[in-house]
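Visitor: Quick one: sequence and predicted model below, then my questions.
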Amino acid sequence: MFRAMEEAALNSWPALHQALYDGWVLRFSEGYTKRANSINPLYTQRLATLPKIAECVALYRARNMPPIFRLTPFAPADLDDLLVARGYRQIDPSLVLRRSLNDDVGSLPVSLEMRDETVDAWMAAFCRLTGSQVDSHRTHREMLERIVPQKLLATLQPAGSDETVACGLAVRDGDHVGIFDLIVDPGQRNRGYGAALMAGLMRWGQEQGARVAYLQVVEDNVIARHLYSEKLGFELAYRYWYRVPTEW
């Protein structure tokens with residue numbers, strides 16, 4: 001049911017290098033985020049699971065990368081148990097949330113403006129809000145440039161101001177619009193900026209023809225889950241988690 005959403009998410013967060021191995025999507029992006037550097041079983045497989053694990057491990061080890069398996073409802077039923085038996089531990093259980101765009105998604109207050117930025121301008125804003133250096137986000141920047149579907153690199157400002165208080169990324173792929181990299185200035189939180197930006201991003205997706213909005217959130221991020229579920233009407237689509245080698 002949700003395979004199209006999963007495909008849209010992979011397209012919206014592109015890896016620098018990607019390979020398809022008997023229905024599994026192998027992604028390599030110099031270690032920037034687990035999503036872009038993981039093994040994603042997605043389609044029906046012909047081969048047995050156990051030798052496929054060994055082959056994937058060899059491919060990642062050859063690149064001096066840890067073999068990270070991302071377990072979704074589309075993975076083979078025996079994969080999780082086989083990884084556990086080999087000492088792989090679970091990290092970052094996460095939720096994929098969705099909501100229909102057929103209903104009212106709200107709109108930006110007149111006191112706020114949302115701007116469509118260039119990659120350079122958006123990266124500068126993202127790094128300022130996260131307290132990181134632009135040079136450390138070289139891979140991140142390249143991934144943004146590789147997005148094939150329609151995207152919006154958005155920043156949020158009080159009307160008439162150049163002060164960016166939040167930023168986020170929306171990618172519209174077919175009927176789906178995914179929301180990624182939503183960041184609010186730590187000194188400007190609890191003022192409704194996150195909800196306002198989400199409304200603006202969903203409205204943009206709706207205008208581009210999307211019928212469903214989705215996002216991914218770590219399960220223990222209670223504050224974000226409250227915003228998305230209680231205030232914005234998102235509901236659980238499916239869960240996923242990662243299995244990583246014990247030594248990683």
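Guide: Yes, it's here.
Visitor: thinking Arg203 is in contact with Ala154, fair?
Guide: No: counting by C-beta atoms under 8 Å, Arg203 does not reach Ala154; the two are 10.8 Å apart. Using the backbone N, CA and C atoms, a C-beta is placed for each residue, glycine as well.
Visitor: Looking at these two, which one has more neighbours?
Guide: Ala154 (23 against 20; other C-beta atoms under 10 Å).
Visitor: Helix or strand next in line after the one helix or strand that one maps to, which one?
Guide: When elements are assigned from DSSP states H and E, Ala154 belongs to strand 150-158. The helix or strand immediately downstream of strand 150-158 is strand 166-173, counting by DSSP H and E.
Visitor: so what secondary structure elements neighbour whichever helix or strand comes after that next one?
Guide: Once the chain leaves strand 166-173, the next helix or strand it forms, by DSSP H and E, is strand 176-184. For strand 176-184, the helices and strands in contact under the criterion 3 or more C-beta pairs under 8 Å, 6 or more residues apart in numbering; DSSP states H and E are helix 3-12, helix 119-130, strand 166-173, helix 193-207, strand 212-218.
Visitor: got the contact list for the biggest strand by length in the chain?
Guide: Ranked by residue count, the top strand of the chain under DSSP state E comes out as strand 89-100. For strand 89-100, contacts defined as C-beta atoms under 8 Å, 6 or more residues apart in numbering pick out 2, 5-6, 9, 34, 202, 211-220, 225, 228-229, 232-244, 246.
Visitor: 7 Å - rerun?
Guide: 5, 211-219, 228-229, 232-244, 246 (C-beta atoms under 7 Å, 6 or more residues apart in numbering).
Visitor: Kindly report the same for stretch 115-122.
Guide: Under C-beta under 7 Å, 6+ apart, the answer for stretch 115-122 is Ala125, Arg141, Leu144, Glu145, Leu152, Leu153, Ala154, Thr155, Gln157, Cys167.
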